[in-house]
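**Student:** have a look at this prediction, sequence included:
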Amino acid sequence: MIAAAIVALLITLALTLTRAFLGPSIYDQILAVNSFGTKTVLLIVVAGHALNWFSYVDIALMYALVNFVGTLAVMRFFEQYKPEGEQS
Amino acid sequence: MMIISLLSDICLLLGGILTLTGALGLLRLPSFYTRLHAASVTESLAAPLLIIGIILDTGFTLDSAKLILIIVIMVVSNPTITHALCRAAAHGGYTPDMQNKEKSQTQTDTCAKESK
Amino acid sequence: MIENLHLLINVSLLAFLVLIVFAAINTNNLFVATMLFGIFSFVTALLFLDLDAVDVAFTEAAVGAGFTTVLMLSALRLTGAFENVKHRHSVLGLLIVVLTGAALIYGTADFPSMGDANAAVHLNLAPEFIQLTQEKIDIPNVVTAVLASFRGYDTFGETVVVFSAGVAVLLLLGMGHVEPKQEPEQNIVLWIVVKPFIALILIFGLYVQFHGDFGAGGGFQAGVIFASGFILYSLVFGESYARKVIPSSILPRFAALGVIIYGVTGLASLLGDKPFLDYNALSSNPVSGQHIGILLVEAGVGLAVFATVLLIFYSFSGVNHNE
């Protein structure tokens, strides 16, 4: 059953990546990248338990925090950049 | 024990199915705000289920306490990101199209020109 | 089944890497490219985890996905977010890249197979380090033992390199001055949620610092995570308030203090009639001397890295873009 969960997570990662490439607006892409980060945390937990990776819980904990900081940084900088002038 | 192993399998199976559902929604739904709903299903429901499945498999150790902490972090941080993203999109001029359901993409996605 | 899972995960993650890089090259919007390189770092760290290199994965995630993304975004705020589109494709460039890549791939045919126990790199010093860690230092994490004790002089050099990177950024940019009117808009949800988060990040940074002997962790990772907490505060509440919490004048001094702590530990060994950075001289029992030495040295590294990372972030965010 863990193997099925890992396969499902890998397929989900591929689908989320597709949305990150396609997304017609940049907010779609930010959403997809954040989602990718969350799925990566889940993959570390599930595959780490199944394959006996060493100390995987600490890394998953740190990813969850770093994902939050990274996505907030992207949104903050994009907000500050946009009103100052857009070239399109 | 057998019942804990069975519960763990059920949680992992449900978590996997919900993750796939969320990703399918992220790919197929028509506009940004609807995709936001789909993504938040994954993060708020599928993630705790998967991690609870792993906790039931691990037993009562220090690792389980840290995994519960991961669940708490995810349940708190992902809706915050959803809220912040939605607000940023609304302030950036990307408004949802409520009346006109047929022509949704090309006319009202005001940010569609920028990213490519 | 475990073999198949390993293979599946490796192949999928490598395929993701290739796809991400193609997407990052194709897009014109540099914000999108930065975010895609953030996920590139995530996936690379997963691959490192699969190869059992836990400390490397930790550092890659903390630095690559967190700090580098924030730094690139700060730089984009100053330069502009769209790439200049060039309409000329260079055939000579493509030829050079293909030839160099082919030469490198041909060179890998001489490598031993991955994980081969008889490869030269596994035969000389590695078994000796593993055995000596058990006897002389007695901590479970061999990477920390090698980093802080067996190769301590090299890590001292790395800390000085990090410090000089901070000095270089200071010389080029300076830490600038932030007007109080540049506050971000009021967002109650974010303000309330982020406060306990920052506390959690800081506590986790301290946990990683002191837990480096037993699990994944150490000074470098802890410094970056600790600085990420302050960067989060600066992103959400505004840079002027962040500079009141940690004034910009204190950061170069902290960085220098970190390097000095490392050097003084080495000098203390000289006072005990042993070579520089030989921690056996720090206590009557050599093993506990090693423990004390590793603790002090990692604290120095953590402090220096924290101060340098925050200093670089302040420098980038303090540049006055065109008003």
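**Tutor:** Thanks, I have it.

**Student:** which single residue of chain A ends up nearest chain B?
**Tutor:** A:Ala8 (3.6 Å; C-beta to the nearest C-beta). In this view, the C-beta of every residue, glycine as well, is placed from N, C-alpha and C.

**Student:** give me every residue that touches the residue of chain B found nearest chain A.
**Tutor:** In chain B, no residue comes nearer to chain A than B:Gly16, which is 3.6 Å away by C-beta to the nearest C-beta. For B:Gly16, the contacting residues are A:Ala4, A:Ala5, A:Val7, A:Ala8, A:Leu9, B:Ala46, B:Leu50, by C-beta atoms under 8 Å, 6 or more residues apart in numbering or on different chains.

**Student:** what helix or strand is it on?
**Tutor:** Assigned by DSSP states H and E, B:Gly16 belongs to helix B:2-28.

**Student:** still on that earlier bit, distance-wise, check the residue of chain B closest to chain A relative to B:Thr61.
**Tutor:** If you measure B:Gly16 against B:Thr61 using C-beta to C-beta, to the nearest Å, the figure is 24 Å.

**Student:** let's have the contacts of B:Gly16 in TSV, adding neighbour count.
**Tutor:** Output for the contacts of B:Gly16, formatted as TSV (neighbours: other C-beta atoms under 10 Å in any protein chain shown):
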residue	neighbour count
A:Ala4	13
A:Ala5	27
A:Val7	16
A:Ala8	23
A:Leu9	27
B:Ala46	26
B:Leu50	28
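
**Student:** of all those residues, which two lie farthest apart?
**Tutor:** A:Val7 and B:Ala46 (14.6 Å; C-beta to C-beta).

**Student:** for chain A, give me the ranges with low pLDDT.
**Tutor:** A:81-88 (pLDDT under 70).

**Student:** how many neighbours does C:Gly318 have?
**Tutor:** 17 (other C-beta atoms under 10 Å in any protein chain shown).

**Student:** check contacts around the closest residue to it other than its chain neighbours.
**Tutor:** Spatially, and ignoring its direct neighbours in sequence, C:Gly318 is nearest to C:Gly176 (2.4 Å; C-beta to C-beta, 6 or more residues apart in numbering or on different chains). Applying C-beta under 8 Å, 6+ apart to C:Gly176 gives the contacts C:Tyr314, C:Ser315, C:Ser317, C:Gly318, C:Val319, C:Asn320.

**Student:** so what's the fifth one up against?
**Tutor:** C:Val319 sits next to C:Leu78, C:Leu173, C:Gly176 when contact means C-beta under 8 Å, 6+ apart.

**Student:** nearest to B:Asn78, of the contacts of C:Gly176?
**Tutor:** The closest of these, once distances to B:Asn78 are taken by C-beta to C-beta, is C:Ser317, at 26.3 Å.

**Student:** identify the residue nearest the geometric centre of chain C.
**Tutor:** C:Val63 (4.0 Å; C-alpha atoms, centre = their mean).

**Student:** let me fix that, I meant to ask about chain A.
**Tutor:** Chain A, centroid-nearest residue using C-alpha atoms, centre = their mean: A:Gly37 at 1.8 Å.

**Student:** correct me if wrong: it contacts C:Ser41.
**Tutor:** No: using C-beta atoms under 8 Å, A:Gly37 is not in contact with C:Ser41, being 10.4 Å away.

**Student:** what touches both of these two?
**Tutor:** C:Ala65.

**Student:** state the distance from the nearest residue to B:His91 once chain neighbours are set aside to B:Asn78.
**Tutor:** Closest residue to B:His91 apart from its sequence neighbours, by C-beta to C-beta, 6+ apart: A:Glu79 at 7.3 Å. Applying C-beta to C-beta, one obtains 19 Å for the distance of A:Glu79 from B:Asn78.

**Student:** give me the more crowded residue out of those two.
**Tutor:** Per other C-beta under 10 Å, whichever of A:Glu79 and B:Asn78 has more neighbours is B:Asn78, with 24 against 16.

**Student:** dump the residue contacts of A:Tyr27.
**Tutor:** So A:Tyr27 contacts B:Phe32, B:Leu85, B:Ala88, B:Ala89, B:Gly92, B:Tyr94, B:Cys111 (C-beta under 8 Å, 6+ apart).

**Student:** let me fix that, I meant to ask about A:Ser35.
**Tutor:** Contacts of A:Ser35 (C-beta under 8 Å, 6+ apart): A:Thr16, A:Arg19, B:Leu26, B:Ala39, B:Thr42, B:Glu43.

**Student:** residue in the stretch 1-150 of chain C nearest to chain B?
**Tutor:** C:Asn29 (5.2 Å).

**Student:** can you give me the helices for chain C?
**Tutor:** Remark: helices assigned in chain C by DSSP state H are C:2-26, C:30-50, C:54-59, C:68-79, C:91-107, C:120-123, C:126-132, C:142-145, C:152-172, C:188-210, C:219-237, C:239-245, C:250-271, C:286-318.

**Student:** poorly predicted segments of chain B, please.
**Tutor:** Looking at chain B by pLDDT under 70, you get B:98-116.
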